[in-house]
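Undergrad: sharing a model that was predicted from the sequence below.
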2 protein chains.
Amino acid sequence: MSDEKLTPRNVDFSEWYNQIVLRAEMADYAPVRGCMVVRPYGWALWENIQQALDKRFKDTGHVNAAFPLFIPMSFLEKEKEHVEGFSPELAVVTIGGGEKLEEPLVVRPTSETIIGYMYSKWIKSYRDLPVLINQWGNVVRWELRTRLFLRTLEFYWQEGHTAHATEQEAREETMRMLQVYAEFAVNEAAVPVISGVKSQTEKFAGANMSTAIEAMMQDTRALQSGTSHFLAQNFAKAFDIQFLDENNTLQYAWTTSWGLSTRFIGAIIMTHGDDQGLILPPRLAPIQAVIVPIFKSDSETAAVLETVTRVQAELKAAGIRVKVDDRTEVTPGFKFNDWEMRGVPLRIEIGPKDVEKGSVALARRDRPGREGKSFVPQAGLAAVVADLLTDIQKSLLERAIAFRDSHIFDPKDYTELTEVVQNGWAYSYWCESAECEAKVKEDTKATTRCMPLDQSLGKGKCIVCGKEAKRKVYFAKAY
Amino acid sequence: MSDEKLTPRNVDFSEWYNQIVLRAEMADYAPVRGCMVVRPYGWALWENIQQALDKRFKDTGHVNAAFPLFIPMSFLEKEKEHVEGFSPELAVVTIGGGEKLEEPLVVRPTSETIIGYMYSKWIKSYRDLPVLINQWGNVVRWELRTRLFLRTLEFYWQEGHTAHATEQEAREETMRMLQVYAEFAVNEAAVPVISGVKSQTEKFAGANMSTAIEAMMQDTRALQSGTSHFLAQNFAKAFDIQFLDENNTLQYAWTTSWGLSTRFIGAIIMTHGDDQGLILPPRLAPIQAVIVPIFKSDSETAAVLETVTRVQAELKAAGIRVKVDDRTEVTPGFKFNDWEMRGVPLRIEIGPKDVEKGSVALARRDRPGREGKSFVPQAGLAAVVADLLTDIQKSLLERAIAFRDSHIFDPKDYTELTEVVQNGWAYSYWCESAECEAKVKEDTKATTRCMPLDQSLGKGKCIVCGKEAKRKVYFAKAY
């Protein structure tokens, strides 16, 4: 921790982000280029994300398993689009136990191929379907430009891989998991997202259709925060995942895959943070409330600490994740800054006067200064804190929605589109041609983000070429 | 699942083990030599192991974090014993993003080096100590002879890495975590273990002192099931982990590391399993009770399934992990065998007569046949099941202790030692010389397992050379 002020967001958003990640001790640079160390505070946030998602996966019938880190190079080559998409990004093991390997091993960049191989061994009959497996793990993609959490050589994620008897089931699964991601993002992380279908250019290498949740960061750039893919029979054919159906006919299975990674931590930071540091949504925050004892003389210490200990026990018993900052070598003011940097949703100050009056001072992280401050009785504090945390969660979401909605535009023509994507998203009709998509990218650096599913199927004119278009798409600069 | 009988333990223990792992669908062979796929049932067991351990780690003040998979080759070379120990077992990445790397990257076989590097960045003052971090993850050791769970190229584990201001604190931490492992093994897994200090020959490469928990399998071979190492200042000096103490003097930190892996699943299988399959300790079993509905005619079906659904809900509400096997394509007899193979501690049968009488039939997995069967009322079933699960847990531990204790011998001379280690462990005085240890290994294949901490410090004569010895050691053949 340093006492230095953060670079404000409006001065250099990117620098602001990097400083928060380091100073809040979320992550650090590893000695290997592009790799990261997720520090305990960042990992505790990831554990809470994992729990919230894992519960949803299990509630929708999924189970976890673990597949190997190493994939024979030949496996990737079995699916043409897949190998083209991933081969520039591979880390390759060529030496094992001191000897050159006959076949090099790829460190998994994603696991469709090795899981497809195993599914072909396990799936024989329609009775074996559906297979609904998820894996929590690490993957490696050899990226050239890296940023902590947003794009690192190694990252942590979950990847779901399912196999189904029919196309319809696999399509439903794809959408179900997209919906699980969207609901998680909104209700747990207070990150409003737009769900939709990716363009053919932007889809996963090997998928027939990719879908994603897209979130708007405070610099208005889009962050793809989770993806769900309908893989049709592409991997089933490449890996021979066949089953006997109810009529004893051999069929290829239909598969899906879906993933959400530590990148999502970047989404949380850039959606909620302010110029004092991180702001964590209470439902995911490793520490929901921090108690800072305040005393000047030694005679005050005992009474304050006694109250602090009692309050801590009460909050903990009520299921609130609470921490006492009992450091003696730093001032209360330093502690305030420190916990603001770390984004703890609620600060509880307890000093000699509070002990006398039976009260505490509360400071909301989401409303700096006096506005967020209140003085409440110690009696019944746990319920007050729980309510406040709920309110902070709600306020963060509302604020993020308001920000997003005020930066989504409906440009009247192409010139206006090129302007609005400089500081927002354009939501426009698009003819779905790769040419129009490429032109926007070349002219503005904005890409298509997704075509929402729930748009009424009106028709319009493509904002780029004027041809008839069936759907609208979001254009935005993206991470 | 196949209907075939398992190879009995007394015919071929090793084959029995392999068959259980595959048929209970705990794990499968991966396409890369020596790698494994942990299947959902095996991973669910690992998740329960993780939860039980993680709670203990957090209760003793530890936090989790994630360090990179890739370690620069030069890091390993900084600690002489460490590199000598691990260099024959390394998987090495030489190509990244299509280009040959300037410095090859090792896929971590363990993380002392890279964590040491990070600690040297983070630790500046005595106020930063102790650092108590654990990591859940995967590691790779290029083994030549592999067995599912027991020894695989890639395996899953946790590795704790701590740094302390004093030697005493680091020694205490080493012993604290050894004790955590022992208590976990006994109370959660019903695996009785013997804790003690490893010989200098058997210690971790880079440690000053290694300790371990050692368990006896049903073939009487020992399985090292968890280890805790006192690393002294070895890694602190190699990676320059220095701090200013309270007198403003620069000091090297004292570090420890400790780990328990998916190998422990092998310990559970080989401690409790029988010739019908796996037997899982109730506290860790993914499914604690399985309900098998029994009906012959369609008219019976509705009434039986109604009762089954109600019983399932009651058990679930009582916190019991219960599953209903409602498959229609297989017979109850097939299901009984199937769940016996998978080691579910308790089977609940519900048929038309049970519906009439308001009863159920219970079958304990640990007591085959009539002995383990009872008929109890549906009313109050949850409490009966909970009590039975507690009793099964207790019985498994008692049985394992009895087996172990009846296979530990106190040989009167070296000849007897060479005999008893063919079918048991010898607990004998040893002079702690590497020569005597090597002689036993050469003559019998038995190695020193550990020197228990709690032995009264009597003196004796080394069972090998007859010289004076301070402590006793366990000699045993080991996995």
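TA: Cool, the structure landed.
Undergrad: pretty sure residue A:277 contacts residue A:342?
TA: Yes: because the distance of 6.7 Å satisfies Cβ atoms under 8 Å, residue A:277 is recorded as touching residue A:342. From N, CA and C alone the C-beta is placed, and that goes for glycine too.
Undergrad: list residues touching both of these two?
TA: Common contacts of residue A:277 and residue A:342 (Cβ atoms under 8 Å, 6 or more residues apart in numbering or on different chains): residue A:24.
Undergrad: quick one: low-confidence parts of the stretch 301-450 of chain A?
TA: Along the stretch 301-450 of chain A, the model assigns pLDDT under 70 to no residue.
Undergrad: find the closest residue to chain B in it.
TA: Closest to chain B within the stretch 301-450 of chain A is residue A:329: 6.5 Å, counting by Cβ to the nearest Cβ.
Undergrad: tell me the SS of that residue?
TA: Secondary structure state of residue A:329, per DSSP: H, G, I helix; E, B strand; the rest coil, is coil.
Undergrad: again with residue A:71
TA: State at residue A:71, reduced to three classes by three-state DSSP: strand.
Undergrad: surely it is in contact with residue A:112?
TA: No: the criterion here is Cβ under 8 Å, and residue A:71 misses it with residue A:112 at 9.8 Å.
Undergrad: out of these two, which sits in the more crowded spot?
TA: Neighbour tally, residue A:71 and residue A:112, criterion other Cβ atoms under 10 Å in any protein chain shown: the higher count belongs to residue A:112, 30 against 26.
Undergrad: got the contact list for the more buried one?
TA: Counted by Cβ under 8 Å, 6+ apart, residue A:112 has contacts A:79, A:82, A:161, A:206, A:231, A:235, A:255, A:257.
Undergrad: for the second one, pull up the helix or strand it's in.
TA: Residue A:82 belongs to helix A:80-86 when elements are defined using DSSP states H and E.
Undergrad: show me what the residue of the stretch 151-300 of chain A found nearest chain B is bridged to.
TA: The stretch 151-300 of chain A approaches chain B most closely through residue A:154 (5.3 Å), counting by Cβ to the nearest Cβ. For residue A:154, the beta-bridge partners are residue A:140 (DSSP bridges).
Undergrad: please tell me how far it sits from residue A:473.
TA: Counting by Cβ to Cβ, to the nearest Å, the separation of residue A:154 from residue A:473 is 32 Å.
Undergrad: those two: which is more packed in?
TA: Neighbours per residue (other Cβ under 10 Å) separate residue A:154 from residue A:473, with residue A:473 holding more: 29 against 22.
Undergrad: what residues are bridge-paired with the more buried one?
TA: On the basis of DSSP bridges, residue A:473 takes part in beta bridges with residue A:428.
Undergrad: ok, the residue in the stretch 101-250 of chain A positioned nearest to chain B - how many residues close by?
TA: Using Cβ to the nearest Cβ, the single residue of the stretch 101-250 of chain A nearest to chain B is residue A:142, 3.6 Å away. For residue A:142, the number of neighbouring residues by other Cβ under 10 Å comes to 24.
Undergrad: SS state for it?
TA: Local secondary structure at residue A:142 is given as coil here, using three-state DSSP.
Undergrad: could I get the phi/psi values of the residue of chain A most remote from its centre?
TA: Relative to the mean C-alpha coordinate of chain A, counting by Cα atoms, centre = their mean, the farthest residue is residue A:299 (47.8 Å). Reported as degrees, to the nearest 10, the phi and psi values for residue A:299 are phi -70, psi -30.
Undergrad: repeat that for the one 10 residues further on.
TA: According to degrees, to the nearest 10, the main-chain angles of residue A:309 amount to phi -60, psi -40.
Undergrad: can you count the residues close to it?
TA: Other residues near residue A:309 come to 14 when the count uses other Cβ under 10 Å.
Undergrad: show the contacting residues for the nearest residue to it once chain neighbours are set aside.
TA: Distance criterion Cβ to Cβ, 6 or more residues apart in numbering or on different chains; nearest residue to residue A:309, sequence neighbours excluded, is residue A:324 at 7.7 Å. Taking Cβ under 8 Å, 6+ apart as the definition of contact, the neighbours of residue A:324 are A:290, A:291, A:293, A:308, A:309, A:312.
Undergrad: who does residue A:324 bridge with?
TA: residue A:291.
Undergrad: strands of the stretch 351-479 of chain A, residue ranges please.
TA: With strands called from DSSP state E, counting those that start in this stretch, the stretch 351-479 of chain A shows them at A:359-364, A:373-377, A:408-409, A:425-430, A:447-448, A:451-452, A:460-461, A:468-469, A:471-476.
Undergrad: which one of those strands lies nearest to residue A:264?
TA: Smallest distance to residue A:264 across the strands of the stretch 351-479 of chain A (Cβ to Cβ): 17.9 Å, for strand A:471-476.
Undergrad: so residue A:39 sits right up against residue B:65, yeah?
TA: Yes: Residue A:39 is within contact range of residue B:65, at 5.6 Å (criterion: Cβ under 8 Å).
Undergrad: just give the nearest non-adjacent residue to residue A:19, would you?
TA: Once its chain neighbours are removed from consideration, residue A:19 has its nearest residue in residue A:6; the separation is 5.2 Å (Cβ to Cβ, 6+ apart).
Undergrad: do you know how far the one you found is from chain B?
TA: 21 Å (Cβ to the nearest Cβ, to the nearest Å).
Undergrad: and the nearest residue to residue A:348 once chain neighbours are set aside, how many neighbours?
TA: Excluding the flanking residues, the one nearest residue A:348 by Cβ to Cβ, 6+ apart is residue A:291, at 4.6 Å. Residues within reach of residue A:291, counting by other Cβ under 10 Å, total 21.
Undergrad: what distance separates stretch A:363-371 from the centre of its chain?
TA: Mean C-alpha position of stretch A:363-371 versus that of the full chain (Cα atoms, centre = their mean, to the nearest Å) differs by 26 Å.
Undergrad: list the buried residues of it.
TA: Going by neighbour count (16 or more other Cβ atoms under 10 Å in any protein chain shown), the buried part of stretch A:363-371 is A:363, A:364, A:365, A:366.
Undergrad: who's in contact with residue A:401?
TA: The contact partners of residue A:401, taken as Cβ under 8 Å, 6+ apart, are residue A:192.
Undergrad: I'd guessed residue A:336 sits against residue A:277; true?
TA: No: if you go by Cβ under 8 Å, residue A:336 and residue A:277 don't touch, sitting 11.1 Å apart.
Undergrad: give me the more crowded residue out of those two.
TA: Per other Cβ under 10 Å, whichever of residue A:336 and residue A:277 has more neighbours is residue A:277, with 23 against 17.
Undergrad: ok, the nearest residue to the more buried one once chain neighbours are set aside to residue B:303 distance?
TA: Sequence neighbours aside, residue A:341 is the residue nearest to residue A:277 in space, at 3.5 Å (criterion: Cβ to Cβ, 6+ apart). Counting by Cβ to Cβ, the gap from residue A:341 to residue B:303 is 63 Å.
Undergrad: again, but for residue A:335
TA: The span separating residue A:335 from residue B:303 equals 65 Å under the rule Cβ to Cβ.
Undergrad: again, but for residue A:268
TA: The span separating residue A:268 from residue B:303 equals 52 Å under the rule Cβ to Cβ.
Undergrad: likewise for residue A:392?
TA: Between residue A:392 and residue B:303 the distance is 52 Å, computed by Cβ to Cβ.
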